[in-house]
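A.B. asks: Here is the input, now give the coordinates:
(chains A and B)
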Amino acid sequence: MKIKKWGALVACGALVAALGLFGCSSNNAASSASSSAAADGDAGSLTLLKEGTLTVATSPDYPPFENLEDGEYVGFDIDLAKAVAEEMGLECEFVSLQFDGITPAIAAGGQADVGFSGISVDPKRAKEIDFTDSYYIDDQAVAAMKGGAITPDNAAAELNKEGVVIAVQSGTTGETYAQENFPNATVKGYGNSTDCFAAMQSGNATAVCTNLAVVNRMLESAYADAQVVIEVATGEEYAAVVAQDNPELTEAINAALKTLKDNGTLDELTNKWF
Amino acid sequence: MTDPTASATASARRSNVSAPRATARAARPRDPRRAAARRLFVGALMALALLCGAVLAQAAQPSEALALDTAKCTARPNGDTGSEVYGATETRVTWEGQAAPDESLTALELTMPEGTTFGLDDARVMLLSGDNLMTRDIPDVEFSADGETLRAVFAEPTVPGSYVRVEVYEVFFPAEGGAMGFSGSYTTAEGDTLPIDDVTPIQVTGKSAFDQLVSNLEQQEWVKQWNSNKFLRLFFNPPLIVSSIPVVFNGFLMAIGIVAVAFPVAIPIGLLLALMRMSKWRVLRGIATTYVNVVRGTPLFLQIYIAFFGLPLAGVQIPSFPLGVIVLSMNSAAYLCEIFRAGIQSIPKGQFEASRSLGMNGAQTMVFVIIPQTVRRVIPTMTSEFILLYKDTSMLAAVGVMEVVMYAKTIVASTGSITPYIVAACFYLIVTLPLAKVVGKLESRLAGTAAPKKRRKKGAGAVASAAGAGAAGAGACAGAGASVGVTGTDSAGVTGLATDVLTAQPLLKNELGDGLGGFGDHSFGMKNTK
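C.D. replies: Residues are numbered from 1 along each chain as shown, chains lettered A, B, ... in the order given. Sure, this is the predicted structure:
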């Protein structure tokens, strides 16, 4: 028994030490960030996870919006988040989360301030989190392997059949679209869009349904033997998500987005990535 | 191009559709990427439009040729999983229709089934045009509601021949469900009001008593109070707990099914591997050692990915359930191998010698003397391995196997609450907690010591077996530690173990040590058979 108590004491001590260390490191980061931050007055009044830093949650498996290249976050959303942070006079830091985990994480707080991850504005999602103004409009598309039973000519009918497996990234509007429009097919959710395409190539899924820009990029870069069989102009607006109890941040990001729109940076980024 | 077949069939069904237009409509979805074909087709379409115009100019009654074909009318699935649309639950209705080439709309009315309510705040109308209908145009539209009828008035008449999409949010169908028929009408620039018909009804699943219960729960005052706390709402949302239990239960059955097959399959493989590792033939030893080291030295997650994405590429198509079972049992077999090997090696050498001196051969010694004793020793560790295996089924979620985590994940994705994960955790705990208890009981029986002592030992044993995931050699010791090390800390315990539980023969401590440490000459019985 004695040993047990000692063990508990040691564990407590270790925990406290770890917390202390963690606290120190974050303090250091904050101070270095604030010293390098631009002299933008309103940044200080915002409630942020880390003072002087905009912590951005993203799911880096969604090229050209966000993915990892040599361990670096790259993509349209990444550039945009950096530009927004710069506009707000903040440092920008990214945390990687699974797409379906971003909204809950932002709603719960504690992991990131804002989510930039090709998130479509959706009234259902808006119940949990606040959307900023939209910054991009995208559509849905379905891709299938070339030479398979599904061709652009017959896709709408062929996809809505039993035995057809449509791979989607779970929690995306692509998932909902597939469920709504191809109710007879099996809609199979994967953690990220890369897995969806891998599943299609390996034959575990017949088709992939996700955003058009992503499908195009995936087919271009890695899956030349697949083709787009359906494109749908769903006109989904992409926006960043912020916790509902942080309206000041939403406003600040909206202001930054507006500036970026007005000064042409947004168009520049759009042209760069699409 | 949303649902070309639907639109094609819809147009084919209509009696007043002119034949050439039907052909054009049917042709439209054909592969648009071939530029030449497209140009030809666009030309044909323009010619057609001209033709239509000419025909219309001649005809005295233009309204006869007018039509607004419904291309599709769907509702967004609003269950926690799957593609069902439920009554009395929020959904979004999308209606799409194609106006005739010369038709210009000024207003549109959609009448929902009786008892349906909807919101106007997020409603929107989109006009699609171009190849594959990929060009969006969001017109200025004024919405108003009159009972079940949504009225959209365009600020300016639409471009003739528009493809119109209407999205209505916050739609609640009647709770009883059934086929929801839509109807509507539209007003053209000429001032004609024409009906929209041929709308395929939306199948709405009625609310069961269970769903009603969940809805009632949502309305309760205490639930609202409870949910006003963010933490409680995110992690322990009562209606979500209730509604996710039956959904996650499906995954629970799947997970139980997987381990129920995988574990019994893993046991003989593991035993075989253990015997191979102790074999006198170097080749067998090499094969088994390599297998065990590779499997234990790589993450299960990676093994699952390789099997699920790699095998089909190699032309091996296995459905996900058997494939999941195979991967998990192959993985578990490697760990069981080490458990069995440690168990066999923990049997004191004296047992081998005694059997041999009684005239048994190597195989007989193994089957009748060593393995029966081993089984009793390894049962607690095997149970721990079973617990690990059961928990590892969660990794199959990454490749789309519908088990506990996967079901929970789909609900989390659609609700943004963590509650379903908590429910999923409970489904793991109802298996693992009793089993952990069993492990403790078994270990204390093996140890033959008093109750307070076993508690701490159990923890140590569990840690040791968990640590068995480490390097092979260390793993072997840890495995042995879990079964034998229970009493290995004090000599009294060893005597207790030897006399009470395992055999009637009193043992010497150094013999046990030999058995444990002697990995090199572990093939006692086998060597002697020569």
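A.B. asks: Tell me which residue in chain B sits closest to chain A.
C.D. replies: Relative to chain A, the nearest point of chain B is residue B:413 (3.1 Å; C-beta to the nearest C-beta). Where C-beta positions appear, they are placed from N, C-alpha and C, glycine not excepted.
A.B. asks: now the strands for chain A?
C.D. replies: All strands of chain A, identified by DSSP state E, fall at A:53-58, A:61-62, A:66-69, A:72-74, A:91-96, A:114-115, A:129-145, A:165-169, A:186-190, A:207-211, A:226-243.
A.B. asks: Do any residues in the helix or strand harbouring residue B:71 lie close to chain A?
C.D. replies: Per DSSP states H and E, residue B:71 falls inside strand B:68-75. Yes. Contact of strand B:68-75 with chain A (C-beta under 8 Å from any C-beta of the partner chain) involves B:72, B:74-75.
A.B. asks: which stretches of chain A have low pLDDT?
C.D. replies: A:1-44 (pLDDT under 70).
A.B. asks: The closest residue to chain B within it: what's it in contact with?
C.D. replies: Per C-beta to the nearest C-beta, residue A:171 is where chain A lies closest to chain B, at 3.1 Å. Shown in contact with residue A:171 (C-beta atoms under 8 Å, 6 or more residues apart in numbering or on different chains): A:99-100, A:103, A:189, B:412-414.
A.B. asks: immediately after the strand holding residue B:71, which helix or strand?
C.D. replies: strand B:85-86.
A.B. asks: Quick check: mean pLDDT of that following strand?
C.D. replies: Throughout strand B:85-86, pLDDT has a mean value of 86.
A.B. asks: What residues does the stretch 401-530 of chain B have near chain A?
C.D. replies: With C-beta under 8 Å from any C-beta as the criterion, the stretch 401-530 of chain B meets chain A at residues B:406, B:409-410, B:412-418, B:452, B:456.
A.B. asks: would you turn the residues you listed into a markdown table with pLDDT and neighbour count?
C.D. replies: Shown next, in a markdown table, are those (pLDDT from 0 to 100; neighbours: other C-beta atoms under 10 Å in any protein chain shown):
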| residue | pLDDT | neighbour count |
| --- | --- | --- |
| B:406 | 86 | 28 |
| B:409 | 83 | 24 |
| B:410 | 80 | 27 |
| B:412 | 81 | 25 |
| B:413 | 73 | 24 |
| B:414 | 71 | 21 |
| B:415 | 74 | 21 |
| B:416 | 72 | 24 |
| B:417 | 81 | 25 |
| B:418 | 86 | 22 |
| B:452 | 49 | 8 |
| B:456 | 46 | 13 |
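A.B. asks: Looking at those residues, which two lie furthest apart in space?
C.D. replies: B:414 and B:452 (48.0 Å; C-beta to C-beta).
A.B. asks: Residue A:59: how many residues sit nearby?
C.D. replies: Counted with other C-beta atoms under 10 Å in any protein chain shown, residues neighbouring residue A:59 total 27.
A.B. asks: same deal with residue A:96?
C.D. replies: 15.
A.B. asks: So what sits opposite it in the bridge?
C.D. replies: With DSSP bridges as the criterion, residue A:96 is bridged to residue A:58.
A.B. asks: and it, what is it in contact with?
C.D. replies: Neighbouring residues of residue A:96 by C-beta under 8 Å, 6+ apart: A:57-60.
A.B. asks: ok, now residue A:245?
C.D. replies: A:109, B:230.
A.B. asks: Need the winner for burial among the strands of chain A.
C.D. replies: Scoring the strands of chain A by mean neighbour count under mean count of other C-beta atoms under 10 Å in any protein chain shown gives strand A:114-115 as the most buried, with a mean of 30.
A.B. asks: Could I get the full set of strands for chain B?
C.D. replies: B:68-75, B:85-86, B:90-99, B:105-111, B:124-129, B:135-137, B:141-146, B:149-154, B:163-172, B:178-180, B:183-188, B:193-196, B:202-205.
A.B. asks: Quick one: those strands as JSON lines, columns for mean neighbour count and distance to residue B:219 too.
C.D. replies: JSON lines is the format used below for these (neighbours: other C-beta atoms under 10 Å in any protein chain shown; distance: least, C-beta to C-beta, whole Å):
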{"stretch": "strand B:68-75", "mean neighbour count": "23", "distance to residue B:219": "23"}
{"stretch": "strand B:85-86", "mean neighbour count": "24", "distance to residue B:219": "17"}
{"stretch": "strand B:90-99", "mean neighbour count": "23", "distance to residue B:219": "15"}
{"stretch": "strand B:105-111", "mean neighbour count": "21", "distance to residue B:219": "29"}
{"stretch": "strand B:124-129", "mean neighbour count": "19", "distance to residue B:219": "30"}
{"stretch": "strand B:135-137", "mean neighbour count": "14", "distance to residue B:219": "39"}
{"stretch": "strand B:141-146", "mean neighbour count": "14", "distance to residue B:219": "24"}
{"stretch": "strand B:149-154", "mean neighbour count": "20", "distance to residue B:219": "26"}
{"stretch": "strand B:163-172", "mean neighbour count": "21", "distance to residue B:219": "14"}
{"stretch": "strand B:178-180", "mean neighbour count": "16", "distance to residue B:219": "24"}
{"stretch": "strand B:183-188", "mean neighbour count": "20", "distance to residue B:219": "32"}
{"stretch": "strand B:193-196", "mean neighbour count": "15", "distance to residue B:219": "36"}
{"stretch": "strand B:202-205", "mean neighbour count": "19", "distance to residue B:219": "21"}
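A.B. asks: any chance of the ones you listed in a markdown table, plus distance to residue B:378?
C.D. replies: What follows is the strands of chain B, written out as a markdown table (distance: least, C-beta to C-beta, whole Å):
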| stretch | distance to residue B:378 |
| --- | --- |
| strand B:68-75 | 56 |
| strand B:85-86 | 50 |
| strand B:90-99 | 54 |
| strand B:105-111 | 68 |
| strand B:124-129 | 65 |
| strand B:135-137 | 65 |
| strand B:141-146 | 70 |
| strand B:149-154 | 68 |
| strand B:163-172 | 58 |
| strand B:178-180 | 58 |
| strand B:183-188 | 70 |
| strand B:193-196 | 72 |
| strand B:202-205 | 50 |
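A.B. asks: and the contacts of residue A:171, which two are the farthest apart?
C.D. replies: A:103 and A:189 (15.1 Å).
A.B. asks: from what I can see residue B:409 touches residue A:99, true?
C.D. replies: No. Contact criterion C-beta atoms under 8 Å: residue B:409 and residue A:99 do not qualify, at 11.0 Å.
A.B. asks: what do these two both touch?
C.D. replies: Counting by C-beta under 8 Å, 6+ apart, the common neighbours of residue B:409 and residue A:99 are residue A:170.
A.B. asks: List phi and psi for the residue nearest the centre of chain A.
C.D. replies: For chain A, the residue sitting closest to the mean C-alpha position, by C-alpha atoms, centre = their mean, is residue A:117 at 2.1 Å. Here is the backbone geometry of residue A:117 (degrees, to the nearest 10): phi -160, psi 40.
A.B. asks: for it, what are its contacts?
C.D. replies: So residue A:117 contacts A:57-59, A:62, A:65-66, A:77, A:97, A:99, A:102 (C-beta under 8 Å, 6+ apart).
A.B. asks: Of all pairs in the contacts of residue A:96, which one spans the longest distance?
C.D. replies: Distance extremes for these: the farthest pair is A:57 and A:60 at 10.4 Å, using C-beta to C-beta.
A.B. asks: Pull up the overlap in contacts between these two.
C.D. replies: By C-beta under 8 Å, 6+ apart, the residues touching both residue A:57 and residue A:60 are A:94, A:96.
A.B. asks: and the residues of strand B:68-75 next to chain A as TSV, adding pLDDT and distance to residue B:133?
C.D. replies: Below are these laid out as TSV (pLDDT from 0 to 100; distance: C-beta to C-beta, whole Å):
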residue	pLDDT	distance to residue B:133
B:72	84	12
B:74	88	16
B:75	88	21
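A.B. asks: Just the closest of the residues you listed to residue B:196, please.
C.D. replies: Out of those, the member with the shortest distance to residue B:196 (by C-beta to C-beta) is residue B:72, at 12.6 Å.
A.B. asks: Since that was my last question, I'll sign off now.
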